[in-house]
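Trainee: Mind looking at a prediction? Sequence and model below.
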Amino acid sequence: MAKKVIVIVQPGQAKNMARFDFLKELDGFEVTYIDECEIKGDPSMLRNHQMERLGPDSFEYEPEFIKALSESNIVVTAMTPIPSAIYESGNVEAVCILRSGVENVDLAKASAAGVKIINAPGRLAVPVAEYTVGLIIAEIKNIARGYAEIEAGGWGNKFPNKAYSTSLKGKNIGIVGLGAVGSRVARVMTALDANVLVYDPYQKEGAVEAMGYRNLSLEDLCRESDVITVHFRLTPQTEGMINKTHFDLMKPTAFIINTARAGLIDEAALMDALQNKKIGGAGLDVFHEEPLPANSPLIGMENVTITPHLAGSCSNLWDLTIDIMEYTMRSYAASGEWTCVVNR
Ligand SMILES: NC(=O)c1ccc[n+]([C@@H]2O[C@H](COP(=O)([O-])OP(=O)(O)OC[C@H]3O[C@@H](n4cnc5c(N)ncnc54)[C@H](O)[C@@H]3O)[C@@H](O)[C@H]2O)c1
């Protein structure tokens, strides 16, 4: 029997969600769409706050909506809170969520009912990696400072880093955290003929070298890098992981780039390194306090490029996300096995 896939269409996303028509080409699938706007009870209203505080089962839905979901085998959604009551039918085998986070399902109840929750991990990796490369180049090659110079009526090129504003070819790019974002940045750096140095204690033995990169301790990476870019996750263990000890090891011409989370770098150590010119400069998209306060010492500093947490923003995010889910669903159709299972 064909698997019944129901796609819940987010407001304004009908065109993007119609991409799930690819399921019609596959044997053994039928797809129907349900417009979230037509679900009475307006799940979009204050949805995120309510979902975080009270969970997906705090929403009152029309019985027809619950019935439609209960009769399907696979539910596809981005943000709609999914009522756990749909698992009782025994029909639903998977809920596919078009995000990394899965707050819109009750994971424990889904797991207890044997329902797989599938997510779309790394959907922001493409824009964040591209942005990181942009920020590295902007800081080293004075792109933002050049623009500011013209805006101020000038036409000069006497920037403070003039002596070491460099080409990336042959330079050492230290990547801390070789995950979804870090590995994309590494590939671009390789294409630019830079040498990639990696610190990531969770890589399998030999994996970093097999990719053509050098595997170093964090200390050696700090000593040898011309650019250091951080791409690990913020946890209680990693908070402030790049600290004064590491800044003291860096070259006086080294640039540090952060598009991940401000908390990964000790704030006082970073400010000390920049204010006292212990390093060459920084490209920062994330800050301990956002929006950046108007009196932040970073504003107006001549050795930083700062941007307002833009790395993940891109107009084709839906496309990138649906690409990931399409890949997952096609591989399920081919093998019968789900990948990206959050509650494996
Ligand atoms: N600015 C934005 O809009 C934006 C958007 C998405 C992600 N991010 C951030 O970017 C960062 C990278 O995201 P990702 O999707 O690549 O994450 P990921 O989980 O795919 O990769 C993280 C990598 O860090 C490694 N790691 C873990 N602990 C480490 C440690 N102590 N030292 C060094 N490496 C360590 C892991 O092994 C993994 O390879 C995260 O901090 C994330 O929050 C920012």
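Mentor: That came in fine, so what should we check first? Numbering: from 1, shown residues only.
Trainee: Let me see the ranges of the strands in the stretch 201-344 of the chain.
Mentor: Assigned by DSSP state E, counting those that start in this stretch, the stretch 201-344 of the chain shows strands spanning 214-215, 227-230, 255-258, 281-284, 304-306.
Trainee: And those strands: which comes nearest the ligand?
Mentor: With C-beta to the nearest ligand atom, the closest approach to the ligand among the strands of the stretch 201-344 of the chain belongs to strand 227-230: 7.6 Å. For glycine as for every other residue, the C-beta is placed from the backbone atoms N, C-alpha and C.
Trainee: And the average pLDDT for the closest one is what?
Mentor: When pLDDT is averaged along strand 227-230, the result is 98.
Trainee: In stretch 289-296, which residues are buried?
Mentor: With burial defined by 16 or more other C-beta atoms under 10 Å, the residues of stretch 289-296 counted as buried are residue 292.
Trainee: Give me the neighbour count for the closest residue to residue 242 other than its chain neighbours.
Mentor: The shortest distance from residue 242 to any residue other than its chain neighbours is 4.5 Å, reached at residue 265 (C-beta to C-beta, 6 or more residues apart in numbering). Using other C-beta atoms under 10 Å, residue 265 has 27 other residues around it.
Trainee: hang on, residue 265 packs against residue 259?
Mentor: No - counting by C-beta atoms under 8 Å, residue 259 is not a contact partner of residue 265; they are 11.8 Å apart.
Trainee: which ones are touching the residue of the stretch 1-150 of the chain found nearest the ligand?
Mentor: For the stretch 1-150 of the chain, the residue closest to the ligand is residue 124, as judged by C-beta to the nearest ligand atom, at 3.8 Å. Listed by C-beta atoms under 8 Å, 6 or more residues apart in numbering, the contact set of residue 124 reads 100, 181, 311-312, 317.
Trainee: for residue 267, same thing?
Mentor: residue 288.
Trainee: Could you number the chain from 37 rather than 1 from now on?
Mentor: Okay, using 37 as the starting number, the last item reads as residue 303.
Trainee: State the pLDDT value of it.
Mentor: Among the per-residue scores, residue 303 shows a pLDDT of 97.
Trainee: returning to that earlier point: which of the strands of the stretch 237-380 of the chain sits closest to residue 203?
Mentor: When the strands of the stretch 237-380 of the chain are compared for distance to residue 203 using C-beta to C-beta, the nearest one is strand 263-266, at 11.8 Å.
Trainee: Which residue ranges make up each domain of the chain?
Mentor: Partitioning the chain according to automatic domain parsing yields domains covering residues 39-157+350-371, 161-342.
Trainee: Quick one: the ones you listed as a markdown table, columns for distance to residue 379 too.
Mentor: As requested, these are exported to a markdown table (distance: least, C-beta to C-beta, whole Å):
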| stretch | distance to residue 379 |
| --- | --- |
| domain 39-157+350-371 | 4 |
| domain 161-342 | 20 |
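Trainee: which stretches of the stretch 37-186 of the chain have low pLDDT?
Mentor: Counting by pLDDT under 70, the stretch 37-186 of the chain shows low-confidence ranges at 73-85.
Trainee: now do 80
Mentor: Low-confidence regions of the stretch 37-186 of the chain, defined here as pLDDT under 80, cover residues 73-89, 96.
Trainee: ok, residue 354 - contacts?
Mentor: 49, 52, 134 are the contacts of residue 354 under C-beta under 8 Å, 6+ apart.
Trainee: Tabulate these (JSON lines), appending neighbour count, distance to residue 180 and secondary structure.
Mentor: Formatted as JSON lines, these follow (neighbours: other C-beta atoms under 10 Å; distance: C-beta to C-beta, whole Å; DSSP: H, G, I helix; E, B strand; the rest coil):
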{"residue": "49", "neighbour count": "17", "distance to residue 180": "34", "secondary structure": "coil"}
{"residue": "52", "neighbour count": "18", "distance to residue 180": "32", "secondary structure": "helix"}
{"residue": "134", "neighbour count": "24", "distance to residue 180": "33", "secondary structure": "coil"}
